[in-house]
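Participant: give me a model of this one.
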Amino acid sequence: MHGGSPRRPLGASILSVVRVAIMTAGSRGDVAPFTGLGHALVRAGHEVTLVTHARFAPLVTGSGVGFHPLPVDPREELESERGRGLHRSSTGAGKLLRLARMGRALVGRMTDDLVAAARASDALLLSASVAPLGHTIAEGLSLPSLGLYLQPVAPTGEFRPPMLGGGSWGALGNRLAGHGVELAVEQAFAPALPAVRARLGLPAARRFGRGLRARERRDGPVLHGFSAHMVPRPRDWRPGLDVVGYWWAYDRETRLPPAVRDFLDAGPPPVFVGLGSATVPDPQRLGAEIVRALRQAGLRGVIQRGWAGLSADGDDMLTVDEVPHALLFPETAAVVHHCGAGTTAAGVRAGVPAVPVPVQFDEGFWADRLVALGVAPRVVPLRRLTADALTAALMRVTREPAFRERAREVGARVRAEDGAGRVVEAVERMG
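Facilitator: Take a look at the predicted model:
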């Protein structure tokens with residue numbers, strides 16, 4: 001039924017090799033943490049394949065992790081008319097509905113490759129972005145599966161759903177909003193699931209919502225790849241939802257590029273500015289505002305081009321493409337970023353203060369967390385970013401010692417955690 005070589009039994013012994021498929025979809029920040037996690041599993045003696053968009057294949061080069069490409073290109077989708085429509089929604093709920101519609105149109109294109117990768121595996125590790133489909137495939141192939149989430153997805157009364165930004169609507173409002181987000185996710189996957197269930201010999205779901213997250217709601221384990229110092233485990237979560245610590249991206253580079261090294265050595269520590277995989281409506285205007293703010297604050301800048309297409313000119317500014325955050329961030333005075341889960345983690349790990357510039361979705365949630373931790377002075381949302389607003393935040397974060405001291409303290413605590421080790425232990429208990 002499953003095809004390929006006979007399945008190896010799963011067990012607690014490290015001598016039992018498990019063929020693991022890590023499945024994720026989304027932007028670079030939804031993929032990079034799983035490269036380091038996959039590398040940790042390889043070092044523990046397991047066979048690992050990362051199943052995600054083809055453009056991210058270079059991220060696993062040298063890690064020992066295999067790669068199975070998915071056909072959708074997330075950058076092309078974000079730069080399409082449908083993707084640009086996300087910027088026309090001014091509310092978290094509006095953006096989520098647009099994203100759900102995008103998902104409905106795209107998820108079916110990835111199904112064949114997800115099933116093919118699963119057939120060659122003994123266990124599936126699933127990010128939140130593919131979990132409803134991945135759990136169904138696991139059920140159809142009689143495979144164990146484990147949720148690996150980069151955000152706190154399950155409803156809680158303690159905060160509103162991260163996908164709707166930061167803040168709280170009270171315990172009842174937060175829970176209701178959490179269930180609403182779950183419903184939106186289910187709607188995104190609903191068109192693809194009946195065909196998958198039929199293909200794998202599963203009975204049709206008896207009613208809407210059954211078979212999507214039902215298993216997960218009941219007793220499915222989920223390990224969350226962020227630190228409890230950032231988000232303590234909600235007290236009202238059910239057993240099986242655990243916060244284990246960050247998973248760091250795999251970096252084969254051990255030195256910064258010469259141009260970056262020379263720039264760092266030529267003056268005082270600069271400020272890093274980057275929006276990761278976020279796209280923006282007017283890159284030139286935004287870049288000019290950022291450079292003006294840095295110069296008004298008397299700071300040098302390293303500007304990451306990213307998917308937003310930012311750039312800067314002048315001896316006091318350096319424009320870069322992809323540079324390992326783990327190598328660059330510790331040498332900066334502060335990091336200005338969009339607060340994607342991965343970039344937020346990298347900044348906290350480096351022990352440097354931040355200026356959050358959230359664009360959409362869970363970025364507002366992480367931005368609020370940085371402020372609450374005391375490592376950032378305030379949030380400067382992209383929609384309200386001006387040179388003067390950013391200047392004020394930059395002057396505070398680089399001139400008030402409390403932010404750097406707090407960032408160093410939190411960074412030391414986060415670096416002491418072994419999030420990847422907790423996943424390795426969980427994989428070796430599966431079966």
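Participant: which of the residues in stretch 375-395 are buried?
Facilitator: Using 16 or more other C-beta atoms under 10 Å as the test for burial, stretch 375-395 gives 375-377, 379-382, 385, 387, 389-395. Every residue, glycine included, has its C-beta placed from N, CA and C.
Participant: and the next element down the chain from the worst-scoring helix or strand of the chain on mean pLDDT?
Facilitator: Every helix and strand of the chain was ranked by mean pLDDT, DSSP states H and E. The lowest is helix 214-218, at a mean of 45. On the C-terminal side of helix 214-218, the closest following helix or strand by DSSP states H and E is strand 222-224.
Participant: so for that following strand, what's the average pLDDT?
Facilitator: Strand 222-224 comes out with an average pLDDT of 97.
Participant: that strand - contacts with which helices or strands?
Facilitator: Counting contacts by 3 or more C-beta pairs under 8 Å, 6 or more residues apart in numbering; DSSP states H and E, strand 222-224 is packed against strand 145-149, strand 241-243, helix 419-429.
Participant: who wins for proximity to Val302 among these?
Facilitator: helix 419-429 (27.3 Å; C-beta to C-beta).
Participant: and that closest one, average pLDDT?
Facilitator: pLDDT averaged over helix 419-429 gives 95.
Participant: buried set for that helix?
Facilitator: Neighbour-count burial for helix 419-429 [16+ other C-beta under 10 Å]: 419-420, 422-424, 426-428.
Participant: JSON lines for these, including distance to Gly351?
Facilitator: Converted to JSON lines, the buried residues of helix 419-429 look like this (distance: C-beta to C-beta, whole Å):
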{"residue": "Gly419", "distance to Gly351": "17"}
{"residue": "Ala420", "distance to Gly351": "20"}
{"residue": "Arg422", "distance to Gly351": "22"}
{"residue": "Val423", "distance to Gly351": "24"}
{"residue": "Val424", "distance to Gly351": "26"}
{"residue": "Ala426", "distance to Gly351": "28"}
{"residue": "Val427", "distance to Gly351": "30"}
{"residue": "Glu428", "distance to Gly351": "32"}
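Participant: between those residues, which sits nearest Arg295?
Facilitator: Gly419 (38.6 Å).
Participant: number of nearby residues for the residue lying closest to the closest one once chain neighbours are set aside?
Facilitator: Counting by C-beta to C-beta, 6 or more residues apart in numbering, Gly419 lies nearest to Gly245, which is 3.1 Å off, once chain neighbours are set aside. Look at Gly245: counted by other C-beta atoms under 10 Å, it has 24 neighbours.
Participant: Gly245 against Ser227, yeah?
Facilitator: Yes. Judged on C-beta atoms under 8 Å, Gly245 makes contact with Ser227 at a distance of 5.4 Å.
Participant: mutual contacts of those two, please.
Facilitator: 414, 417, 419 (C-beta atoms under 8 Å, 6 or more residues apart in numbering).
Participant: and which of those is nearest to Glu186?
Facilitator: Nearest to Glu186, judged by C-beta to C-beta, of these is Gly419 at 27.9 Å.
Participant: not counting residues beside it along the chain, what's closest to Ile137?
Facilitator: Nearest one to Ile137, counting by C-beta to C-beta, 6+ apart, is Ala118 at 4.9 Å.
Participant: what mean pLDDT does the helix or strand where the one you found lies have?
Facilitator: Per DSSP H and E: Ala118 is located in helix 92-119. Helix 92-119 comes out with an average pLDDT of 72.
Participant: kindly report the same for stretch 69-83.
Facilitator: 68.
Participant: kindly report the same for stretch 366-375.
Facilitator: Averaged across stretch 366-375, pLDDT comes to 96.
Participant: alpha carbons of that stretch, as CSV, please.
Facilitator: Coordinates of each C-alpha in stretch 366-375 appear next as CSV, following Å, rounded to 0.1, in the frame of the first residue of the first chain:
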residue,chain,number,x,y,z
TRP,A,366,5.8,38.9,18.3
ALA,A,367,6.3,42.7,18.2
ASP,A,368,4.2,43.1,21.3
ARG,A,369,6.2,40.3,23.0
LEU,A,370,9.5,42.1,22.4
VAL,A,371,8.1,45.2,24.0
ALA,A,372,6.7,43.3,26.9
LEU,A,373,10.1,41.6,27.5
GLY,A,374,11.8,45.0,27.6
VAL,A,375,14.1,44.4,24.6
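Participant: what are the buried residues along that stretch?
Facilitator: Under 16+ other C-beta under 10 Å, the buried positions of stretch 366-375 are 366-370, 373, 375.
Participant: can you put these in CSV and add secondary structure and distance to Gln296?
Facilitator: Converted to CSV, the buried residues of stretch 366-375 look like this (DSSP: H, G, I helix; E, B strand; the rest coil; distance: C-beta to C-beta, whole Å):
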residue, secondary structure, distance to Gln296
Trp366, helix, 26
Ala367, helix, 22
Asp368, helix, 26
Arg369, helix, 27
Leu370, helix, 22
Leu373, helix, 26
Val375, coil, 22
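Participant: all helices of the stretch 51-200 of the chain, in order?
Facilitator: 74-79, 81-84, 92-119, 131-140, 170-189, 193-199 (DSSP state H, counting those that start in this stretch).
Participant: give me the residues contacting stretch 153-165.
Facilitator: Contacts with stretch 153-165, where a contact means C-beta under 8 Å, 6+ apart, come from 92-93, 96, 128, 151-152, 166-175, 177-182, 222, 234-238, 241, 358, 361-366.
Participant: can you say which of the residues you listed are buried?
Facilitator: Here, 16+ other C-beta under 10 Å leaves 92-93, 96, 128, 151-152, 166, 174-175, 177-178, 181-182, 222, 234, 237, 241, 358, 361-366 buried among these.
Participant: any weak-confidence spans in this protein?
Facilitator: 1-15, 74-106, 206-219, 431 (pLDDT under 70).
Participant: how about the helices in the stretch 251-400 of the chain?
Facilitator: Going by DSSP H, counting those that start in this stretch, the stretch 251-400 of the chain shows helices at 258-265, 283-296, 325-328, 341-350, 363-373, 387-399.
Participant: which outside residues touch the first one?
Facilitator: Contacts to helix 258-265, defined as C-beta under 8 Å, 6+ apart, come from residues 255-256, 270, 300, 302, 318, 320, 323, 328, 331.
Participant: identify the farthest-apart pair in those residues.
Facilitator: Arg255 and Arg300 (20.5 Å).
Participant: for these two, indicate the residue with more neighbours.
Facilitator: Taking other C-beta under 10 Å, Arg255 and Arg300 do not tie; Arg300 has more neighbours (21 against 9).
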